[in-house]
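> model this:
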Amino acid sequence: MVRLVLGAEAAQKLSDVSLSNNTIQRRIRDMSGDVKDQIIEEIKASPIFAMQVDESTDVAIACQLLVYCRYLLKSIIKEEFLCCQNLETSSTATDVMNAVSLFFDKHDLNWNKLVGITTDGAPAMLRLRSDFQAKVKSKAPNTVGVHCFIHREVLGSKSLPSGLLTIFTGIVKVVNYVKNSALNTRLFQQLCHDMESEHSSLLFYTSEILKSEHFELRLAYLVDIFEIFNQLNLRPQGKASNLLSHCDSIHAFLAKLELYKKRVSVGKFMMFPSLNEVLVDGQLSSTLSKEIMDHLSQLDDEFCRYFPDLSPQYAGLAKNPILCQVDDVLENA
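Residues are numbered from 1 along each chain as shown. As a prediction, this is how the structure comes out:
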């Protein structure tokens with residue numbers, strides 16, 4: 001038919017195209033398998049490696065186990081996505097361990113080379129005796145277990161005094177109301193355009209704006225403090241990050257909290273630019289000042305609770321071997 005309508009040249013081009021309905025799928029699968037084989041061979045060649053494990057439920061309500069790996073390749077630290085395993089039924093520590101063990105056995109990975117395991121704070125991952133990390137350490141005794149720093153930062157930043165929480169909840173409702181409807185989103189964008197606003201889009205998580213006392217001041221403070229949280233959460237991300245730099249960033253944040261509290265106590269708010277901009281004559285009521293002080297104190301307490309030990313025994317030798325005390329050096333260092 002093509003030859004009759006378009007000619008012999010077009011017919012030849014069409015005949016060169018594979019007509020299999022799964023050709024692209026097969027090629028993608030082959031390329032994916034090749035990449036995985038290369039990564040596994042590099043891990044086997046590395047003297048040590050560490051893993052980050054997370055269990056998540058996707059939009060199809062399928063439970064997925066995601067595993068990332070960090071290892072050495074010719075003195076260069078590499079980070080790669082290792083595997084994604086389906087958890088068919090439950091997602092207990094035993095299920096997670098079985099999935100990881102099967103992957104290790106299938107690809108002949110050495111448990112003795114595993115030196116680090118990072119998970120979130122779910123009970124299946126961090127329960128005292130029956131958690132996933134404990135099961136990993138039973139196979140690899142030298143492994144160091146770490147609770148994800150970013151997850152701990154999120155947990156530590158959740159505390160809000162009632163006044164700030166009311167404002168935050170109201171803002172979230174407004175944003176969700178706009179984002180849950182395509183029509184509302186377009187109307188909101190048009191409104192921003194008519195007002196010549198710099199921005200015209202909303203984040204999904206960010207609602208009824210409540211006409212409460214000090215609303216604008218409380219909202220401005222929330223904008224500033226969450227911007228500080230965003231910057232803090234960005235620091236542990238990236239291939240150059242490590243446990244020591246994570247500890248330093250938390251140390252710095254706790255020191256900043258102390259400085260913030262001292263400045264708020266004397267009526268100085270230059271570290272909160274949005275709040276400082278909307279202040280009338282640079283003055284803040286005693287009620288709102290106390291509310292901000294209470295929030296900063298809560299943050300200090302929560303971060304100290306979620307980060308009880310920010311000075312690993314090996315930190316001194318790794319950060320500054322010249323000033324490190326001999327007694328602080330590990331026996332196998």
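
> which stretches of the chain aren't confidently modelled?
2, 17-21, 121-130, 197-213, 240, 282, 310-333 (pLDDT under 70).

> In terms of residue numbering, what are the domains of it?
20-147, 154-316 (automatic domain parsing).

> Distance to Ala11 and mean neighbour count added to these, as JSON lines?
Where you see a C-beta, it was placed from the backbone N, CA and C, and this is true even at glycine. Converted to JSON lines, the domains of the chain look like this (distance: least, CB to CB, whole Å; neighbours: other CB atoms under 10 Å):
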{"stretch": "domain 20-147", "distance to Ala11": "19", "mean neighbour count": "15"}
{"stretch": "domain 154-316", "distance to Ala11": "45", "mean neighbour count": "15"}
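
> I'd like a version of those in a markdown table, one that adds distance to Glu9 as further columns.
Below are those laid out as a markdown table (distance: least, CB to CB, whole Å):
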| stretch | distance to Glu9 |
| --- | --- |
| domain 20-147 | 23 |
| domain 154-316 | 46 |
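
> Quick one: closest of these to Ala8.
Proximity to Ala8, assessed across the domains of the chain by CB to CB, is greatest for domain 20-147 (23.8 Å).

> what about that closest one, distance to the chain center?
17 Å (CA atoms, centre = their mean, to the nearest Å).

> need the contact list for Glu302.
By CB atoms under 8 Å, 6 or more residues apart in numbering, the contact set of Glu302 is Leu155, Gly156, Ser157, Lys158, Ser159.

> how near is the first one to Met270?
According to CB to CB, to the nearest Å, Leu155 and Met270 sit 29 Å apart.

> same deal with the last one?
Distance, Ser159 to Met270, by CB to CB: 24 Å.

> same check, this time on the second one
Per CB to CB, Gly156 is found 24 Å from Met270.

> quick one, helices of the chain?
2-6, 8-15, 23-45, 93-107, 123-126, 132-139, 149-156, 162-179, 182-194, 215-234, 243-265, 273-278, 286-306, 315-319 (DSSP state H).

> And these: which comes nearest Leu82?
helix 23-45 (6.6 Å).

> what's the angle between that closest one and helix 93-107?
Calculated by axes from the mean of the first three to the mean of the last three CA atoms, to 10 degrees, helix 23-45 forms an angle of 90 degrees with helix 93-107.

> Show residues contacting helix 23-45.
By CB under 8 Å, 6+ apart, helix 23-45 touches 20, 49, 69, 71, 73, 78, 80, 82-83, 107-110.

> Just those residues: which are in strands?
Phe49, Cys69, Tyr71, Leu73, Lys78, Glu80, Leu82, Cys83 (DSSP state E).

> Include distance to Pro141 when you put those into TSV, please.
As requested, these are exported to TSV (distance: CB to CB, whole Å):
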residue	distance to Pro141
Phe49	16
Cys69	20
Tyr71	19
Leu73	25
Lys78	25
Glu80	25
Leu82	22
Cys83	24
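
> and the two most separated of those?
Spatial extent of the ones in strands among the contacts of helix 23-45 (CB to CB) is set by the pair Leu73 and Cys83 at 18.2 Å.

> for Lys74, phi and psi?
Phi and psi for Lys74, reported as degrees, to the nearest 10, are phi 50, psi 50.

> Please name the residues that touch it.
Counting by CB under 8 Å, 6+ apart, there are no residues that Lys74 touches.

> Could you pull up the residues touching the residue nearest the centre of the chain?
Residue closest to the average C-alpha location in the chain (CA atoms, centre = their mean): Ile150, at 5.0 Å. Contacts for Ile150 (CB under 8 Å, 6+ apart) come out as Asn233, Pro236, Gln237.

> Next, work out how far apart it and Phe229 are.
Shown here: Ile150 relative to Phe229, a distance of 11 Å by CB to CB.
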